[in-house]
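**Q** Sequence plus predicted model, see below.
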Amino acid sequence: MSLTVLSPGPLATVQDAGRGGLRHQGVSAAGPMDPPAFMLANALAGNDPAAAAIEFAGFGGSFRAETDCRIAVTGGRIDLALPGQKGVAGQAYRLRAGEEVRIGAVGGATWGYLAVSGGIAIAPALGSRATHLRSGLGGLDGRALQAGDVLPLGAFDPFDPCLAPAVSAPDDKEGPAEIRVVPGPQDDRFSAATLARFAAEEFTVTPQRDRMAMVLGGPVLAAEGGHDIVSDGTVPGSVQVPGSGRPLVLMAEAQTTGGYPKIATVIGADLPRLAQLPTGSRFRFVPVARDAAEEIWIDSRRRLRARLEALRPKPEGTLSSHYLLSCDLVGGIWPPEEVVWQS
Amino acid sequence: MQAEDHTPRLLPSGEQALTFQISEAVDEGANRRIIALAAALDRAIADGEIAGVTERVPTYRSLLVRYDPERIRGAALGEALLVLHAGLETGAETGRLWRVPVHYGGPAALDLESLAGEKGMTPEELIALHSGAEYRVYMIGFAPGFAYLGGLPEILHAPRLPQPRQLVPAGAIGIGGKQGNINSVAGPSGWRFLGATPVRLFDPRRADPFLLEAGDRVRFEPVDAAAFARLSAEAEAGSALIAPEEAA
């Protein structure tokens, strides 16, 4: 049981929930740039939300199933070319052994995910399958995927249904995005005027971005207290301000310690949204207090779990027993023969 | 050395981490307290007194603690850390000692001759100074297993290169400002390099992928090119080569 990579998109890597607990040894977690989208792809494919899947930047590329399986793509508006039909991101599809899927450009976002039923079952490195490109760790030989790579799949029930959300997610608001941050830990290195500009002016997403960091365009920020600190710990979301004055946000694969002052930290609920902003997007940082940010995080986890639990079997031409059981046949909304023919 | 004020500051690093900071400088006393605090936190977690901590990262002068807000709130965690810190008893405890073989020569001795020249000494004198000191692992960070070492003799302090080199091999032994290091993985670096150890501080193929921990002690022991080649082959085959001497 496997999936063959025919033509991967840029920065296509195997990712799982990440390699936790090793930051004190200099190893950041890696894992997906947009964890909610990654978890949704897995859930749609019938996997544990933390199973290994493929992340890509910009567009997905082509893949061939070597076994009957289900796939799901998430991350943005993405068109899929499947045998005999077109598909979209956000719901699962079946592929028969030998069939191919072409995954197009990521519309309105940056990072996409391809989950396959069973999950990608390559050998873990230090307890995780997540690819850490910078240190060549995990994934497939610690590198991005290449044409011809064959990815083994874990066990799954081929008769499980294809899933789709019961209700579609609301569209994002128009206008410059608002990315919430908790000030600090080194906000005291900056003057009140600089902190005010940080919270008032618009920043832009520049092409200088990868799985380690996003370098921001917009206002140049001087650290009146100096741009060098004795190195201390960093986290994904740390907004560092080096001597150039151009802030950069540390991401999934960033170094674990750093010697630049950190003016603020992007909150966990908004870091995936920042990661997904297309290059050139404008946004503003909005400071929130730590305690309020914790409430936002707890609420976002609750919503995400509810969203993953609210998936429903898709109507399919060939019905599975799961699908029939999911239909309210007893309630008599549709006679069974009508259910059988809808697809 | 003046007495240091180690009054803690609790600095939020977002809503899932906080930085417990007791100094803004490179300060051995602060580093000892931070490493002791990390150990005290580990014990409190093992004893079930603190839940919801997902990771802790000791650095020169602060402890980064990551947590799950669904299990513990930052305010409560900060209070618990203050209590642990107030109860710390740090004295003259010493960390494990690693004797690290180094070949002061070969392709990684990129700056040995020039640095000796700058310091007005022979390479042999520089090697004797560098291998005569005992170093302290202040922190592991930047890259997997990368060790920042304090204790470099002052006469060997040397500024970083203005233009970093693109690729310095794993195992290279360097000097960056007041600090020493052991390069754990190959990569770019602006540090000045004197040679290399065959020891791999990080090798994911080994049962124990990492060797050093913050708070350990390091001594460098010169080996010749033949020994370096033999030990490198053993390291390539998966041997850690060295084991620590436990603190008395």
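**A** Looks like it arrived, so ask away.
**Q** so what's the residue of the stretch 101-250 of chain A found nearest chain B bridging to?
**A** Distances between the stretch 101-250 of chain A and chain B by Cβ to the nearest Cβ are smallest at residue A:233, namely 2.9 Å. Quick note: C-beta positions are derived from backbone N, CA and C, even for glycine. Under the criterion DSSP bridges, residue A:233 forms beta bridges with residue A:257.
**Q** I'd like to know how many residues surround it.
**A** 28 (other Cβ atoms under 10 Å in any protein chain shown).
**Q** repeat for residue A:154
**A** 16.
**Q** Which residues of the stretch 1-150 of chain A lie near chain B?
**A** A:20-27, A:125-126, A:134-137 (Cβ under 8 Å from any Cβ of the partner chain).
**Q** Which other helices and strands does the helix or strand of chain B with the lowest mean pLDDT contact?
**A** In chain B, no helix or strand scores lower on mean pLDDT, DSSP states H and E than strand B:187-189, which sits at a mean of 84. Counting contacts by 3 or more Cβ pairs under 8 Å, 6 or more residues apart in numbering or on different chains; DSSP states H and E, strand B:187-189 packs against strand B:165-168.
**Q** Just say helix, strand or coil for residue A:181.
**A** Secondary structure state of residue A:181, per DSSP: H, G, I helix; E, B strand; the rest coil, is strand.
**Q** List the contacts of it.
**A** Residues in contact with residue A:181 (Cβ atoms under 8 Å, 6 or more residues apart in numbering or on different chains) are A:237, A:239, A:264, A:265, A:266, A:267, A:270, A:285, A:286, A:287, A:288.
**Q** any weak-confidence spans in the chain?
**A** No chain in the question, so chain A it is. A:168-175, A:317-343 (pLDDT under 70).
**Q** Chain B was what I was after
**A** For chain B, the ranges with pLDDT under 70 are B:1-4, B:91-93, B:248.
**Q** That one: strands as residue ranges?
**A** B:9-12, B:17-21, B:53-58, B:62-67, B:97-102, B:135-140, B:147-150, B:165-168, B:172-176, B:179-182, B:187-189, B:192-196, B:217-222 (DSSP state E).
**Q** neighbours around residue B:145, how many?
**A** Neighbours of residue B:145 (other Cβ under 10 Å): 26.
**Q** Domain map for chain A?
**A** A:2-169, A:177-298, A:310-343 (automatic domain parsing).
**Q** Same list (those) but as CSV, adding distance to residue B:101.
**A** Putting the domains of chain A into CSV (distance: least, Cβ to Cβ, whole Å) gives the following:
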stretch, distance to residue B:101
domain A:2-169, 22
domain A:177-298, 27
domain A:310-343, 57
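**Q** and residue B:161, which of those domains is closest to it?
**A** domain A:177-298 (16.2 Å; Cβ to Cβ).
**Q** Which one (most neighbours) among the residues of the stretch 1-150 of chain A next to chain B?
**A** residue A:27 (28 neighbours).
**Q** give me phi/psi at the closest residue to that one other than its chain neighbours?
**A** Excluding the flanking residues, the one nearest residue A:27 by Cβ to Cβ, 6 or more residues apart in numbering or on different chains is residue B:144, at 4.7 Å. The phi/psi pair for residue B:144 (degrees, to the nearest 10) reads phi -50, psi 120.
**Q** pretty sure residue B:144 is touching residue B:187, no?
**A** No - counting by Cβ atoms under 8 Å, residue B:144 sits too far from residue B:187 to count as a contact (10.4 Å).
**Q** on that earlier part again, each with direction, which strands does the least confident helix or strand of chain B pair with?
**A** By DSSP bridges, strand B:187-189 pairs with strand B:165-168 (antiparallel).
**Q** mind saving the C-alpha coords of the strand it pairs with as PDB?
**A** Provided in PDB are the C-alpha atoms of strand B:165-168 (Å, rounded to 0.1, in the frame of the first residue of the first chain):
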ATOM      1  CA  ARG B 165      31.400  30.800   6.000                       C
ATOM      2  CA  GLN B 166      28.800  28.900   4.000                       C
ATOM      3  CA  LEU B 167      29.700  25.400   5.300                       C
ATOM      4  CA  VAL B 168      31.600  24.500   8.400                       C
END
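**Q** Can you give the distance of that strand from its chain's centre?
**A** 20 Å (Cα atoms, centre = their mean, to the nearest Å).
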